[in-house]
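**Student:** Just need the structure, nothing else, for what follows:
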Amino acid sequence: SRGRMNTRFKEAICLIISLMLAACGGAAPSRPTPTPFTGAPRPVIIDTDMATDDWLAILYLLNRPDIAIEAITVTGAGEAHCGPGVKNALGLIALAGQPNIPVVCGRETPLQGNHAFPAEWREGVDSLNGLTLPDNPNPASTDSAVELLTTTVQSSPEKMTLLTLGPLTNVAEALQATPELKDNIEMIVIMGGAVEAPGNVGDASPTAEWNIYVDPHAANAVLQSGAPITLVPLDATNNAPVTMDFYNRLKADRATPEAKFVFEALTQNLGFLQSGGYYFWDPLAAAILADESLATFESKTLIIVEEEGPESGRTVTSGDGVPVRVAVSADAKRFEQIFLDTLNAP
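**Tutor:** The predicted structure follows:
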């Protein structure tokens with residue numbers, strides 16, 4: 001009827017106005033009130049190289065009431081060096097109001113080889129790209145990364161989930177030292193690898209992804225440890241670019257310190273966003289850890305090429321490999337909304 005059409009027309013106009021206000025920095029879009037979480041949170045250890053997209057992933061999980069971050073181990077073989085990486089991780093947990101999470105760094109070189117991230121990338125993340133975080137009154141843990149990983153997994157009354165956001169150096173070293181750790185691990189969710197997708201390392205190894213390329217021996221050790229593994233490779237993260245549309249939505253909708261910091265971090269990388277080459281690598285892996293319905297999976301038998309050469313660090317499907325659950329696609333739009341809502345959760 002004409003009455004229903006008029007009502008729908010008014011609703012459409014209101015929606016357009018609210019979106020225009022948001023785009024212009026006015027009233028933020030309303031979001032549904034989440035159902036309070038009343039269960040026991042899932043215990044998680046984050047192993048990170050403290051790159052920019054790691055900051056986003058860590059803040060996302062810290063803001064989820066169904067996730068309890070029990071420890072953060074920094075891999076000094078990744079983008080951040082140990083001192084700045086630990087300092088910045090302590091700042092992130094202080095920003096999120098959880099300053100007591102233990103943080104420590106591991107070794108600063110791969111288990112084997114001498115692959116490394118570009119020096120200019122490392123300088124940028126060490127300096128937090130010029131951003132600031134609150135001071136954390138707590139010092140770093142006095143344990144080594146391997147000790148903290150081991151004791152946290154072993155002392156957990158329920159199986160632990162690990163999220164790895166950098167080279168797998170720390171996790172491989174812990175599993176090699178104490179192979180039975182795998183028995184108290186629910187899942188290792190790894191952001192890394194390129195199975196069918198092209199790599200992102202460049203001329204040094206065109207088929208490899210950075211996290212695996214830096215320490216391919218460690219990646220193989222983790223795959224072959226017997227622990228259950230979910231791999232979130234470029235095949236899935238390529239579905240989730242950080243677009244200017246998302247950036248503008250976040251600009252209009254940043255109600256918490258965490259959301260404001262993420263906006264500032266993306267602003268510092270605006271040229272990268274505008275180039276179309278920046279993706280939600282680590283945040284997507286974190287989101288899949290919390291909600292597997294965001295991805296589709298296939299079982300593949302994988303092995304990592306360790307030999308030096310143009311395929312060093314490549315993730316290969318092989319009959320000699322081990323079975324791994326691989327995320328092959330992702331629902332980017334739903335991820336973006338969940339990511340925004342979680343960062344803005346009071």
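
**Student:** Quick check on the residue positioned nearest the centre of the chain: phi, psi?
**Tutor:** For the chain, residue 282 is the residue whose C-alpha lies nearest the centre (CA atoms, centre = their mean; 2.5 Å). Phi and psi for residue 282, reported as degrees, to the nearest 10, are phi -70, psi -40.

**Student:** How much space separates it from residue 178?
**Tutor:** As for residue 282, its distance to residue 178 is 26 Å (criterion: CB to CB, to the nearest Å). Using the backbone N, CA and C atoms, a C-beta is placed for each residue, glycine as well.

**Student:** List the buried residues in whichever strand or helix holds residue 325.
**Tutor:** Taking DSSP states H and E as the criterion, residue 325 maps to strand 322-330. Residues of strand 322-330 classed as buried: 322, 324-328, 330 (neighbour count, 16 or more other CB atoms under 10 Å).

**Student:** Identify the residues contacting the residue nearest to the centre of the chain.
**Tutor:** Counting by CB atoms under 8 Å, 6 or more residues apart in numbering, residue 282 makes contact with 48, 51, 53-54, 56-57, 165, 191.

**Student:** okay, now residue 161: neighbour count?
**Tutor:** Per other CB atoms under 10 Å, the neighbour tally for residue 161 reads 22.

**Student:** same check, this time on residue 208
**Tutor:** A count of nearby residues for residue 208, using other CB under 10 Å, gives 29.

**Student:** next one: phi and psi at the closest residue to it other than its chain neighbours?
**Tutor:** Excluding its sequence neighbours, the residue lying closest to residue 208 (CB to CB, 6 or more residues apart in numbering) is residue 313, at 3.4 Å. Dihedral pair for residue 313: phi 90, psi 0, per degrees, to the nearest 10.

**Student:** Check the gap between residue 313 and residue 264 for me.
**Tutor:** From residue 313 to residue 264 the distance is 32 Å (CB to CB).

**Student:** So those two - more neighbours on which side?
**Tutor:** residue 313 (32 against 15).

**Student:** give the contact list for the more buried one.
**Tutor:** Residues in contact with residue 313 (CB under 8 Å, 6+ apart) are 115, 199, 201, 205, 208-209, 212-214, 216, 219, 304-305.

**Student:** Same check on residue 346?
**Tutor:** Residue 346 sits next to 255-256 when contact means CB under 8 Å, 6+ apart.

**Student:** Over to residue 272?
**Tutor:** Applying CB under 8 Å, 6+ apart to residue 272 gives the contacts residue 278.
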